[in-house]
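Q: pasting the structure only:
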DNA sequence: ACTCATATTGAATGATTATTCAATACAAAA
DNA sequence: TTTTGTATTGAATAATCATTCAATATGAGT
């Protein structure tokens, strides 16, 4: 099994190369869905955008279904990483964390029209594709429960007891989903600032003493 | 131009027959989208479910696109009629109207999983099909503005001034969209009762004196 | 019974597209 | 240089569908 350093290096390079094409195809898939819609996304278009041959795209991902799945997984992980970093940031107090969460959910990286278009496309197929559901659902459950725990802390600190942490977090999560969808309809009216302000006002109403919800 | 009574009667019958097939096809389209998804809905399946030939379905609606459009229009009108009746009901006071609106938005007729699946399917294509957008957007604007006016009345009656009627109605509308989407993911958790209670609690928190938000 | 107009059929067509695979490019090892 | 294994191509295949249309059914008027 004597493996030479060269060989390892080669292998790593190989993996990197593979990885580059892999990611190029996923990026191209997301761009294509964002531009044409899930239904009008063909392997030929994706391959062209990724600048590889059509045959290669299929070979690399085994099937179109698998390419779509991988793209959804990528988006889902990207989102997860963004909020996980906030929950794990020990420099933040509960209210500061909530504010960061809101800002993240309506940041240019997460809530831009292209990515929302992709999200909503997959959401709309969730009922028919258990594989989509399983990717989204698990992470959503974690997000929900983390959010509820966080709100519980804020509730305690602010002596708020009329609304339960569950109620507040469910309201927040449904508002985010709804606003994302509305961004698709009318991105001018539902600007990031508008959405963030609306949600902050919601919190401000609940936690009247907390001046940070602008 | 002497038209005999018989002839008129025939003509009406003819129209009715046409109308029956027309509606059978639209119903079948909605059912098929709800069962298979927009992307996997074929004219053949719809025609089979409506018990007419494939060729007829195409002939009658001129194109698949047009059949889908007509189906969206039908759903959209059905929804509009349901809330318009509430806004026009003079027996209701503002708060009573809000409660009826909430109940309507999560009634079995409107917020069932099949219809939501169809809604979300069309929503997800809105960015790519201006024709879908134009059907949805206009009615949504009316609903929004009616809702805002209604909330303004409630605000005045209850001396609530921290949240504007715009803010409350936008919050309500985005919550409804978000909750509808969540019903697709997890209809058990997001039951109609759960959704209605969540929203009523939101209003109860704003209008603390109003006991009718359960 | 016959004619005519309209409604409806269903098989044929043509377009689109995922998938396959034999052929080729390429680069590393000998 | 030659060999060998892997990466990549792109043309061929096969399946799926929307759409068309010639043929047929239906039923009212004469």
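A: Ah, there it is. A quick note: this is a predicted structure, and the numbers were derived from the prediction, not measured. Numbers count the residues shown, from 1 in each chain, chains lettered A, B, ... in the order given.
Q: In chain A, which residue sits closest to DNA strand D?
A: Closest residue of chain A to DNA strand D, Cβ to the nearest atom of the strand: residue A:55 (1.9 Å). To be clear about C-beta, it is placed using only N, CA and C from the backbone, and glycine gets the same treatment.
Q: residues near that residue, how many?
A: Other residues near residue A:55 come to 10 when the count uses other Cβ atoms under 10 Å in any protein chain shown.
Q: Please apply the same query to residue A:186.
A: Residues contacting residue A:186 under the criterion other Cβ under 10 Å number 13.
Q: repeat for the one 5 residues further on
A: Counted with other Cβ under 10 Å, residues neighbouring residue A:191 total 13.
Q: What's the per-residue pLDDT of it here?
A: pLDDT, residue A:191: 98.
Q: One more: residue A:16?
A: In this model, residue A:16 is scored at 41, pLDDT.
Q: The one 10 residues further on now?
A: Per-residue confidence for residue A:26 comes out at a pLDDT of 97.
Q: which residues sit in contact with it?
A: Residues counted as contacts of residue A:26 (Cβ atoms under 8 Å, 6 or more residues apart in numbering or on different chains) are A:67, A:70-71, A:74.
Q: Let's see that with 10 Å instead.
A: Going by Cβ atoms under 10 Å, 6 or more residues apart in numbering or on different chains, residue A:26 touches A:46, A:50, A:61, A:67-68, A:70-75.
Q: Residue A:208 too?
A: Applying Cβ under 10 Å, 6+ apart, the residues near residue A:208 are A:158, A:160, B:162.
Q: Tell me which of these fall in helices.
A: Using DSSP state H, the subset of these located in helices is residue A:158.
Q: Show the buried residues in the contacts of residue A:208.
A: Buried subset of the contacts of residue A:208 (neighbour count, 16 or more other Cβ atoms under 10 Å in any protein chain shown): residue A:160.
Q: picking up where we left off before, considering the contacts of residue A:26, which possesses the most neighbours?
A: Busiest of the contacts of residue A:26 [other Cβ under 10 Å] is residue A:46, holding 28 neighbours.
Q: shouldn't that one be in contact with residue A:71?
A: Yes. At 9.2 Å, residue A:46 and residue A:71 qualify as touching, with contact defined as Cβ atoms under 10 Å.
Q: any common contacting residues for those two?
A: Common neighbours of residue A:46 and residue A:71 (Cβ under 10 Å, 6+ apart) are A:25-33, A:61.
Q: Regarding the residue of chain A closest to DNA strand D, what is its secondary structure?
A: What DSSP: H, G, I helix; E, B strand; the rest coil gives for residue A:55 is helix.
Q: Quick check, pLDDT for it.
A: 96.
Q: Show me what the strand or helix carrying residue A:134 is packed up against.
A: Using DSSP states H and E, residue A:134 sits within helix A:130-158. Contacts defined by 3 or more Cβ pairs under 10 Å, 6 or more residues apart in numbering or on different chains; DSSP states H and E place helix A:130-158 against helix A:64-88, helix A:94-105, helix A:113-125, helix A:165-185, helix A:192-206, helix B:165-185.
Q: And those helices: which comes nearest residue B:87?
A: helix B:165-185 (12.9 Å; Cβ to Cβ).
Q: Buried ones in that closest one, by neighbour count?
A: Neighbour counts using 16+ other Cβ under 10 Å place B:165, B:167-185 of helix B:165-185 among the buried residues.
Q: how close does residue A:92 get to residue A:150?
A: Distance of residue A:92 to residue A:150, given as Cβ to Cβ, to the nearest Å: 10 Å.
Q: list the contacts for the most centrally placed residue in chain A?
A: What sits nearest the mean C-alpha location of chain A, by Cα atoms, centre = their mean, is residue A:79, with 3.1 Å. Contacts for residue A:79 (Cβ under 10 Å, 6+ apart) come out as A:104-105, A:109-110, A:115, A:119, A:136, A:139-140, A:143.
Q: With respect to residue A:127, which of the residues you listed is nearest?
A: Nearest to residue A:127 among the contacts of residue A:79: residue A:136, at 11.7 Å, using Cβ to Cβ.
Q: From residue B:44, how far out is the closest one?
A: According to Cβ to Cβ, residue A:136 and residue B:44 sit 31 Å apart.
Q: near DNA strand D at all, stretch A:66-83?
A: No. Judged by Cβ under 7 Å from any atom of the strand, stretch A:66-83 stays clear of DNA strand D, getting no closer than 14.2 Å.
Q: and the next element down the chain from the helix or strand of chain A with the lowest mean pLDDT?
A: For chain A, counting by mean pLDDT, DSSP states H and E, helix A:5-36 ranks last in confidence among helices and strands (a mean of 68). Following helix A:5-36 in sequence order, the next helix or strand is helix A:43-50 (DSSP H and E).
Q: give me phi/psi at residue A:188?
A: Main-chain dihedrals, residue A:188, degrees, to the nearest 10: phi -70, psi -50.
Q: how about low-confidence regions in chain A?
A: Filtered on pLDDT under 70, chain A yields the residue ranges A:1-19.
Q: what comes into contact with stretch A:153-164?
A: A:93-95, A:97-98, A:148, A:151-152, A:165, A:168-171, A:203, A:206-210, B:198, B:201-202, B:204-205, B:208.
Q: Now that stretch: buried residues?
A: Neighbour-count burial for stretch A:153-164 flags A:154-155, A:160, A:163 (criterion: 16+ other Cβ under 10 Å).
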